[in-house]
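> Got a predicted model here, sequence first, then my questions.
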Amino acid sequence: MPIVAQSNETTDWVSRFADEVIEESERRAPGKPVVVASGLSPSGPIHLGNLREVMTPHLVADEIRRRGREVRHVLSWDDYDRYRKVPAGVDEGWAEHIGKPLTSVPAPAGSPHANWAEHFKAAMTEALAALGVDYDGISQTAQYTSGTYREQVLHAVRHRADIDAILAQYRTRKAAPKKQQKPLDEAEVEAAEGSGAAAEEDGSSGVVGYFPYKPYCGGCEKDLTTITSYDDDTTELAYTCTACGFAETVRLSEFNRGKLVWKVDWPMRWAYEGVVFEPSGVDHSSPGSSFQVGGQIVGPIFGGRQPIGPMYAFVGISGMAKMSSSKGGVPTPSDALEIMEPQLLRWLYARRRPNQSFKIAFDQEIQRLYDEWDKLGAKVADGTVLPADAAAHARAVGTAAGPLPATARPLPYRTLASVADITGGHDDQALRILGDLDPERPLSTLDEVRPRFDRAETWTLRYVPAEARTVVREEPDTALLASLDAPGRDSLRLLLDGLDAHWSLDGLTGLVYGVPKVLAGLEPDAKPTAELKVAQREFFVLLYRLLVSRDTGPRLPTLLLAVGAERVRKLLGG
């Protein structure tokens with residue numbers, strides 16, 4: 001079974017995959033468009049782990065497009081899957097719909113969408129548009145209920161004994177234990193389990209023996225049906241429903257209210273669409289799983305070939321516990337795009353090979369990720385970037401169709417977050433502070449730093465714990481000021497004396513780091529020693545205590561700009 005090689009080289013993994021996919025496509029269908037595929041089940045929130053199912057083929061397809069080749073990215077919405085369970089936060093009354101197709105289940109209370117599937121598809125569709133993902137979306141409800149797959153269904157049923165024989169090899173084979181990628185907490189376990197995509201169904205053995213097709217009941221719409229007879233010549237099929245007792249006899253050649261079981265459905269689609277490349281999650285890659293078994297079914301039964309494609313690894317969440325408690329579940333791409341720009345999210349998926357796990361940050365780590373992203377951009381600009389890093393950056397900032405909309409002046413995320421923290425959503429105050437960052441090039445409107453500022457503000461207001469938020473003192477801490485020794489008073493005097501001359505981000509940075517150096521008899525630009533670093537830390541703690549009554553806070557230069565020179569003088573006893 002062909003699987004795209006996953007090298008440890010530092011070269012760009014997307015280019016290597018694209019080479020292999022183009023070569024394989026030419027072997028299978030010379031001169032035809034390359035077909036890559038993804039599948040998502042809108043059975044609940046489609047989370048950031050599921051996004052890898054889409055981003056991996058998207059990045060490969062986009063590289064193929066950049067080379068001038070025609071490519072089709074098929075995204076199957078598995079909205080004809082059965083509704084399996086009621087997610088957290090949803091009224092338990094929805095349990096009455098278990099067994100129905102997702103498109104026959106009412107949307108969650110208050111949703112404007114027509115049904116359960118459309119509700120959860122909508123958020124993902126919006127996120128994919130923001131991420132610049134071009135795809136051909138296919139509703140499996142539409143495919144099955146319109147009769148598009150009728151010939152494939154009849155063919156599978158005619159060859160049910162052959163399918164059963166293939167599946168029997170795996171039913172009796174003891175599966176090797178799965179390698180577990182250990183999530184960090186219980187909430188991440190939920191993320192690792194997937195969005196509820198089709199289970200590893202292989203069909204039923206009942207009155208008529210093995211059957212690879214499940215009708216949805218004409219009475220209650222559930223798939224809790226038992227096939228009681230089938231005639232191969234006439235395609236006459238009889239079933240009864242164990243849920244409501246409804247029974248009917250239909251002709252399968254005319255019947256469109258049912259679907260192939262998952263282990264047969266997936267390889268059928270590979271053959272029908274001519275899929276050349278499709279990744280699969282770790283849950284589909286063990287012996288006897290749907291991807292492995294599908295590879296044995298697709299050729300003998302449907303005359304197709306299994307796609308090549310990598311197994312993709314777990315996507316973790318940094319700050320998952322906080323996210324889970326505040327949102328009631330695992331984060332989705334829409335959640336991530338509320339606190340980070342599409343370019344950063346694309347980069348996180350583009351820079352790691354599919355078999356490498358990585359984390360998406362909802363905690364303070366997002367500031368470090370943004371620092372890393374901005375440093376990469378600077379290296380790209382000055383030509384010092386490594387080729388693989390340059391490729392990942394290019395895939396993040398745009399697609400074959402062009403660049404994604406970007407922030408005009410991408411100020412450091414941690415600076416924007418600090419300003420948002422201090423100003424608490426007051427745009428006029430934020431503009432005043434940000435306008436002082438660079439006096440030679442003052443900011444005239446917040447639009448210049450959007451959407452990055454909005455993302456940083458959302459992160460600060462939504463995900464920074466209340467105890468970590470910054471509250472500037474209203475009145476001086478007279479007790480602390482009175483307790484200072486001579487060096488402490490001298491350090492504050494040096495800072496206050498230099499405020500006006502250093503009132504910019506760079507100027508205040510030099511000032512706050514330089515005060516302890518001057519007190520030690522050194523030049524302001526002297527290289528710090530171990531002892532000097534201790535003195536600097538003590539000075540910083542003093543300033544934080546006097547300004548925000550804590551030992552830590554936003555970067556001091558940003559904090560000083562935010563507080564304003566007049567108020568700084570008041571709080572520092574000047």
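All right, it came through fine.
> Can you show me the helices along the stretch 301-450 of the chain?
Using DSSP state H, counting those that start in this stretch, the helices assigned to the stretch 301-450 of the chain run over residues 320-327, 333-337, 342-350, 365-382, 387-397, 413-423, 427-435.
> right, so of the ones you listed, which gets closest to residue 505?
Shortest distance between residue 505 and the helices of the stretch 301-450 of the chain, using CB to CB, is found for helix 413-423: 7.5 Å. All C-beta atoms are positioned from the backbone trio N, CA, C, and that covers glycine.
> Please name every helix or strand in contact with the closest one.
Contacts of helix 413-423 with other secondary structure elements, assessed using 3 or more CB pairs under 8 Å, 6 or more residues apart in numbering; DSSP states H and E, are made with helix 365-382, helix 427-435, helix 452-463, helix 556-563.
> Could you list the low-pLDDT ranges of the stretch 301-450 of the chain?
Along the stretch 301-450 of the chain, segments meeting pLDDT under 70 span 320-328.
> so which of the helices of the stretch 301-450 of the chain gets nearest residue 48?
Of all those, helix 333-337 sits nearest to residue 48, with 6.1 Å by CB to CB.
> Of the helices and strands packed on helix 413-423, flag the one that's most buried.
Comparing the helices and strands packed on helix 413-423 by mean neighbour count (mean count of other CB atoms under 10 Å), helix 556-563 comes out on top with a mean of 24.
> contacts for it?
Identification of contacts with helix 556-563 by CB atoms under 8 Å, 6 or more residues apart in numbering yields 415, 418-419, 422-423, 429, 433, 436-437, 470, 472, 499, 503, 505-506, 508-509, 512, 540, 543-544, 547-548, 553-554, 568, 571.
> quick one, helices of the stretch 451-574 of the chain?
When assigned using DSSP H, counting those that start in this stretch, the helices of the stretch 451-574 of the chain occupy the ranges 452-463, 478-482, 486-498, 505-519, 530-548, 556-563, 565-571.
> so of those helices, which one's packed in deepest?
helix 556-563 (a mean of 24).
> Also compute the angle for that helix relative to helix 427-435, please.
Relative orientation of helix 556-563 versus helix 427-435 (axes from the mean of the first three to the mean of the last three CA atoms, to 10 degrees): 140 degrees.
> and the angle from helix 556-563 to helix 486-498?
In this structure, helix 556-563 runs at an angle of 60 degrees to helix 486-498, with the same axes, to 10 degrees as the basis.
> what mean pLDDT would you report for helix 556-563?
Computed over helix 556-563, the mean pLDDT rounds to 91.
> Convert the C-alpha atoms of it to PDB, please.
Written as PDB, here are the backbone C-alpha positions of helix 556-563 (Å, rounded to 0.1, in the frame of the first residue of the first chain):
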ATOM      1  CA  LEU A 556       7.600  48.000  31.500                       C
ATOM      2  CA  PRO A 557       8.200  50.300  28.500                       C
ATOM      3  CA  THR A 558       4.700  49.500  27.200                       C
ATOM      4  CA  LEU A 559       3.200  49.900  30.700                       C
ATOM      5  CA  LEU A 560       4.900  53.300  31.200                       C
ATOM      6  CA  LEU A 561       3.500  54.500  27.900                       C
ATOM      7  CA  ALA A 562       0.100  53.200  28.800                       C
ATOM      8  CA  VAL A 563       0.000  54.800  32.200                       C
END
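> Determine how far that helix lies from the middle of the whole chain.
On the basis of CA atoms, centre = their mean, to the nearest Å, helix 556-563 is displaced by 33 Å from the centre of the chain it belongs to.
> Then stretch 412-427?
For stretch 412-427, the distance from its own C-alpha centre to the chain's C-alpha centre is 24 Å (CA atoms, centre = their mean).
> got it, and stretch 416-429?
On the basis of CA atoms, centre = their mean, stretch 416-429 sits 27 Å off its chain's mean C-alpha point.
> for that stretch, which positions count as buried?
Going by neighbour count (16 or more other CB atoms under 10 Å), the buried part of stretch 416-429 is 416, 417, 418, 419, 420, 421, 422, 423.
> could the residues you listed go into TSV alongside distance to residue 92?
What follows is the buried residues of stretch 416-429, written out as TSV (distance: CB to CB, whole Å):
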residue	distance to residue 92
416	42
417	39
418	43
419	44
420	39
421	39
422	43
423	42
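> Out of the residues you listed, which is nearest to residue 295?
The shortest separation between residue 295 and any of those is 47.5 Å, and it belongs to residue 417 (by CB to CB).
> In this structure the closest one contacts residue 456, no?
Yes. With contact taken as CB atoms under 8 Å, residue 417 and residue 456 are classed as touching, separated by 4.2 Å.
> Any idea which of the helices of the stretch 301-450 of the chain gets closest to residue 148?
Checking the helices of the stretch 301-450 of the chain against residue 148 by CB to CB gives helix 333-337 as the closest, at 28.6 Å.
> Run through who's touching that closest one.
Outside helix 333-337, the residues touching it (CB under 8 Å, 6+ apart) are 46-48, 51, 123-124, 126-128, 130-131, 323, 327, 345, 360, 362.
> for those residues, which one is nearest residue 142?
Of all the contacts of helix 333-337, the one sitting nearest residue 142 is residue 124; the distance, using CB to CB, is 17.2 Å.
> Report pLDDT for the closest one.
Turning to residue 124, the model gives it a pLDDT of 97.
> and it, how far is that from residue 314?
19 Å (CB to CB, to the nearest Å).
> how close does residue 508 get to residue 491?
Using CB to CB, one gets 15 Å for the distance from residue 508 to residue 491.
> nope, residue 105 is what I meant
65 Å.
> Ok, residue 458 next?
Applying CB to CB, the value for residue 458 to residue 491 is 37 Å.
> Dump the helices and strands packed on helix 413-423 to JSON lines, plus distance to residue 78.
Formatted as JSON lines, the helices and strands packed on helix 413-423 follow (distance: least, CB to CB, whole Å):
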{"stretch": "helix 365-382", "distance to residue 78": "31"}
{"stretch": "helix 427-435", "distance to residue 78": "43"}
{"stretch": "helix 452-463", "distance to residue 78": "31"}
{"stretch": "helix 556-563", "distance to residue 78": "47"}
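> of the ones you listed, which approaches residue 85 most closely?
Closest approach to residue 85 among the helices and strands packed on helix 413-423 is made by helix 452-463 (27.8 Å; CB to CB).
> In this protein, what helix or strand scores lowest on average pLDDT?
helix 186-192 (a mean of 45; mean pLDDT, DSSP states H and E).
> Including distance to residue 157, could the helices of the stretch 451-574 of the chain go into CSV?
Listed next are the helices of the stretch 451-574 of the chain as CSV, based on distance: least, CB to CB, whole Å:
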stretch, distance to residue 157
helix 452-463, 51
helix 478-482, 82
helix 486-498, 82
helix 505-519, 70
helix 530-548, 71
helix 556-563, 68
helix 565-571, 78
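> what's in contact with stretch 135-149?
Taking contacts as CB under 8 Å, 6+ apart, the residues outside stretch 135-149 that touch it are 38, 54, 58, 72-81, 101-103, 117, 125, 128, 256-260, 268, 272.
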